[in-house]
Structure formats: structure tokens, C-alpha cells
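>>> got a predicted model here, sequence first, then my questions.
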Amino acid sequence: MFGKVGRIVRHLEATGAGLVPDHALVVDAPQERAVEALAGVRRGAYVPVRALLAATREEADWTLRDECVWSLAENAVDDGAWLEAWLTESPDDPDALVLDGCRRIRQAWKVRTGAFAKDVGAERFRAFHALLDDALPVIEAAVAASPGDPVPWTAALTHCLGAGAPREVFDACLRQALSRAPHHMSTHNNAVQFLSAKWYGSHEEMLAYAAGVAADAPEGSALRALEVVALLEVGLDAQRSSPRDRNGAPGPEQVDAIIATALAYSASRPPEDREARHVRNHLVWELNRLERWTEALDVYRSIGRYVTAFPWAYAGDPLESFVTFRNETRAALAASIPRNGTVPAPTVPLPESAQPQAALEIAYVPTGPQRASKELMLCGATVRLAPAGRWTLMETAPSQETPGKRGRRATLLRLEGLAQVAETAFDEAGLTTLVARRESSEAHGLTVVTKGKTTVRHRWAGPGQTPPQETAQTHAELLVAAAGGGDVREVARLLRDPGDPSELLVRTLDALGLPPLPAGFGERPEILADARNATVHQARSLWQGMKDFMKDENEPNPPLELEGR
């Protein structure tokens, strides 16, 4: 056991080569063309979206249209005033109608939840089916208003899935969708779901369908690797305690062939390629399941920033699941390397976003510097502390580290940011800590750490990355509780504002009653070096930290290293 841990400590850092840092990841990032229009609806302005969707229909850009429609439908579930205004003004607008149909489907699934059928109560099921019934005439109106558009038919396929439509109805809707766009990924994804063993088909039928689509797909199309999406569904079914149908599950040779096809497709596309995102995220899930760690790590590198909601939503919050799976892959690969071996070098081109780019952070700790320093003794981090009223401001202080003495221990504890320092140091003390961070000029964040766990991880990343109202409300309540003050409604509004990230961070901190960020935040590291009464908590070895901690049990005010301020 010690040998395995030792190998992880020795090799883990090397497994991070070429990986985008956690704070730079985004889920279902919109196309650049859609960003401003998607941001407009957060402020109640639907005119830019109306223009965008009309253009996608005229240009037959069904991929962009489908992405925008479902993203907007999700938004309209939380706040549909802008869509209602649009429908009032133009009740027969084909774009407003397809949005309304998709919104109603999303509302229905939100009521049902993603739980297994056996775990959904009868009342929820009745409400679910009633909402689906209400959606059907709207979908039919959208089909009639835009005869050449496959997106309303894709919505009809989603409706078939929830309503348990007869097979002939599903087949008819599928034919209609494919007659308008035979290589539309969203259509085929819906078909894979309907034909899966967990819904209305079997492994054999689903895999046969995916293989047929892949064989007919154009050269270079992501559909050439559709079988890996179907393969993931087989793996998920095998993990359930009572699999519905294991007949027709692929054997090892077929699995290897499917993986090889997907790997070849991924290798043929550039890093962070939009067309490859869906395939790569499913592929790396399967590589994890098969414990093919080296190949998985290369696919993570190719994914770069661009996480997709599925398949990671199967394991919980998509972003958190992605990070967890990626960390587990790194640890497993590190553990497999012999003591004197080396981690395989990346074999794929690396995205520019993987270049080392440390986030700039300030933590707000609700205690004085002396107590904060005492709690930090056992965590192995060097930080700078500065008093700010009832808070202590904290930042990392890399210039204070002793070369060669912190690296392995920090890697073992995974102290890659102030949130992880707080998780490690302030758990037992119960010090709820807030961490403000500048990830880039386009992204800022605010995190809450309570009882050794990150409970809020909010990011302002401009238009297109605004959280749902329900999420913003929950995060606002936790932020106000952590700060000890503030208006929940105002904070929730700021969390959903798609404006300038740096300005929104400053305004949110002010709304929470927290001390302002020090001058120069986001421009350079170690800004607390200029703060009055700044002190440095120096990293200790584990043994020295334990000795100092025990010594200070009888010395409530241990001396800190002063910087002469």
C-alpha cells in the first residue's frame, strides 16, 4: 500500500502535463456567434435571439440552431418572461414556437427528475405526462410553421422518449427528422437513447443502429464514432444492480474496435475542436471504465476546456464529475508507473489553454491571522495573511517556499489553490472561507468552503455561462450565510448577470459586506505583500507541523514571521 501511495506522490505531478487547469473548464460552451444573443435573454431582450435563430433556419445551420434552442429552452424554464413577450408579439413565429415546445419538454423532465422510474412517485409521473401532453400541440405547430426544419422533429423524438410512444410513432418521427438532416448528431443521439436497453430497445439494436449511422456518415463526421456513445450506455447498464438486458452486449473484440475508431477520430481533429467534443467526452468515460489510463489522459488533453454535460451528468454535477474522473485517471496512471519509471509523454497536440496559467486568488477567512496560522500548521502550505476587520485575507506566497521541500507533500494533499488549502486546514476549526479568484480577463470566480468541502463554486465567464435561477438562488443563500450578511435576491441577480466578470465579482463582494479586494488584484501575484501587518505562514514538514501544533495548544498566540509592515 505504501508503495502505491509513494508512486502516486512521485508521479502525479507529471500526469498533469498538457491538462487545462480545473478553473478554466467550461460546460457546453456556446458557439462564439451565439454568445451575445444568449446573454441578451438574461436581461429579458429576445430580439438578438430572434435574429440569430432566423439566420440559423435560413442558413440551415441545424447544429447551431439545435444547441441554441435547447440552451434557451433551459433558460426559459427558469425565467420565461422574454419568451412569453415574444409569443405575444409573434404567436406564429416558427422560432418562438420551437422554443416553446422545447421549454415545455424541459419543464416536464424537471418535474419528473432524472431518477429511475421506480424512484419517481405517481404524482410526479402524472404531472410529467400532463406537461408532455401540453407540449405536443406546440411541437406540431412548430413543425407546420417550419416544414424544412429538423429541430422540431428532434423535439418530437425527445417527447417520444418521455411519453413512451409506440415504436411506429418513434420511427415515423425519426424518418421525418432524417429526411431534413440525415447527419444531424442530436437526432441520432435521441435515437440511441430510445433504442437503448434502459428505455425501449436492447444493446444489440442500439449498437446496430449506431454502426449503421457510422457507416453512412460523411468522411470526418463525428457520427463516424457514434458507436462509442452507444457503448457507454451498455457500460452504464452493466453497472446497475438489476440490468434490464445484457443480451447483445459487445464482446472484448467489438469493444476494442469501437474504441479504436473513436480514438482515430479524436486524433484526426485538432485540440478543443467543437465537432469532436461530444465524442471525446464519451470516449474518455469509456477509457476510464476500461482502465486505459494513458489513452484516457491523452483524450482529456484533447478535450481541453470543453466539457459536455453528458455523459458527466450521469455521475452528478457535470463539471465536478469531470474533474473527479480526470483526477482519478491521473492518480491511477501515477500508481501504475514503476518507482524508477516515467509517465508517458503526451502523444497529442496540446491546446493553448493548457499552458501554465495560475489563477490569482484572495481568501476571506473569518478569524484573526494568529488563529488562521495555527490551523494552517498541518496542511503544508505557505501563505501570506493580512488582517481586514473581522476577516483575515489570505494568498499563496510561493516566494517563501523552501525549494525541494514542499512539492511532493503538496501534490499528495492536492493543494492546488486556496479553496483546497481551506478544505484541508479549516475543516476541524469550522471556519467557513470564501475565495475570490481571477482565472483570466474573461473569467472570475467566487467559492465557499465549509467543513472541509467546497459548497459553492460560482464562475462569471461572460455571456453563455450564466447559471439557472434555481442554482443562483441556492448559491446566493450559501454566500450570504458564509459572509454573515447580504440580500439573497440581489446576490442571486449578480450571479446571473452576464456582464463583465471582474466588475461582477467586486459588486458581489460589496453586496455581501466583505472587505474590498486589495489594489492590484488580478494584475499580479502576492498583492498582500504591501498590506499593513502582513505576515507569512511558512510551510512546515508534516512532522514539524505536528510538533508546532501540539506546542501551541498551550500557547494561544504563536509568533508569526513579520514582513516589517
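Done, it's in.
>>> what number of residues are in the vicinity of the residue lying closest to residue 519 once chain neighbours are set aside?
Nearest residue to residue 519, sequence neighbours excluded (Cβ to Cβ, 6 or more residues apart in numbering): residue 527, at 7.2 Å. Heads up, the C-betas are built off the backbone N, CA and C, glycines and all. Other residues near residue 527 number 21, with proximity taken as other Cβ atoms under 10 Å.
>>> shouldn't residue 527 be in contact with residue 520?
Yes: using Cβ atoms under 8 Å, residue 527 is in contact with residue 520, at 4.5 Å.
>>> now do the contacts for the residue nearest to residue 519.
Residue 527 makes contact with 362, 395, 518, 519, 520, 521, according to Cβ atoms under 8 Å, 6 or more residues apart in numbering.
>>> how does it look with 6 Å?
By Cβ atoms under 6 Å, 6 or more residues apart in numbering, the contact set of residue 527 is 518, 520, 521.
>>> tell me the confidence at the second one?
By that I understand residue 520. With respect to pLDDT, residue 520 has a value of 87.
>>> for residue 438, see how far away it is.
11 Å (Cβ to Cβ, to the nearest Å).
>>> of these two, which one has the most company?
Using other Cβ under 10 Å as the criterion, residue 520 and residue 438 rank with residue 438 on top: 20 against 13.
>>> neighbours of residue 383, how many?
Around residue 383 there are 27 other residues, counting by other Cβ under 10 Å.
>>> ok, it to residue 455 distance?
Distance of residue 383 to residue 455, given as Cβ to Cβ: 21 Å.
>>> buried residues in the strand or helix carrying residue 510?
Element membership of residue 510 [criterion: DSSP states H and E] is helix 501-511. The neighbour-count check on helix 501-511 (16 or more other Cβ atoms under 10 Å) flags 501, 502, 504, 505, 506, 507, 508, 509, 511 as buried.
>>> ditto for stretch 371-391
Within stretch 371-391, the residues scored as buried using 16+ other Cβ under 10 Å are 371-388, 391.
>>> go on, stretch 48-67?
Judged by neighbour count using 16+ other Cβ under 10 Å, the buried positions of stretch 48-67 are 49-50, 52-53, 56-57, 61-67.
>>> in a markdown table, list the residues you listed along with pLDDT.
Shown next, in a markdown table, are the buried residues of stretch 48-67 (pLDDT from 0 to 100):
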| residue | pLDDT |
| --- | --- |
| 49 | 93 |
| 50 | 95 |
| 52 | 95 |
| 53 | 96 |
| 56 | 96 |
| 57 | 95 |
| 61 | 96 |
| 62 | 96 |
| 63 | 95 |
| 64 | 95 |
| 65 | 96 |
| 66 | 96 |
| 67 | 94 |
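>>> filter those down to the ones in helices?
49, 50, 52, 53, 56, 57, 62, 63, 64, 65, 66, 67 (DSSP state H).
>>> of all the residues you listed, which two lie farthest apart?
Spatially, the most separated pair among these is 50 and 63, at 19.2 Å (Cβ to Cβ).
>>> which residues of the stretch 451-565 of the chain fall in helices?
For the stretch 451-565 of the chain, helices defined by DSSP state H, counting those that start in this stretch occupy the ranges 469-483, 488-496, 501-511, 542-551.
>>> would you format those helices as CSV with distance to residue 210 included?
Formatted as CSV, the helices of the stretch 451-565 of the chain follow (distance: least, Cβ to Cβ, whole Å):
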stretch, distance to residue 210
helix 469-483, 33
helix 488-496, 38
helix 501-511, 40
helix 542-551, 51
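>>> as CSV, those helices with mean pLDDT and distance to residue 232 would be great.
CSV is the format used below for these (pLDDT from 0 to 100; distance: least, Cβ to Cβ, whole Å):
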stretch, mean pLDDT, distance to residue 232
helix 469-483, 93, 26
helix 488-496, 94, 32
helix 501-511, 94, 34
helix 542-551, 46, 41
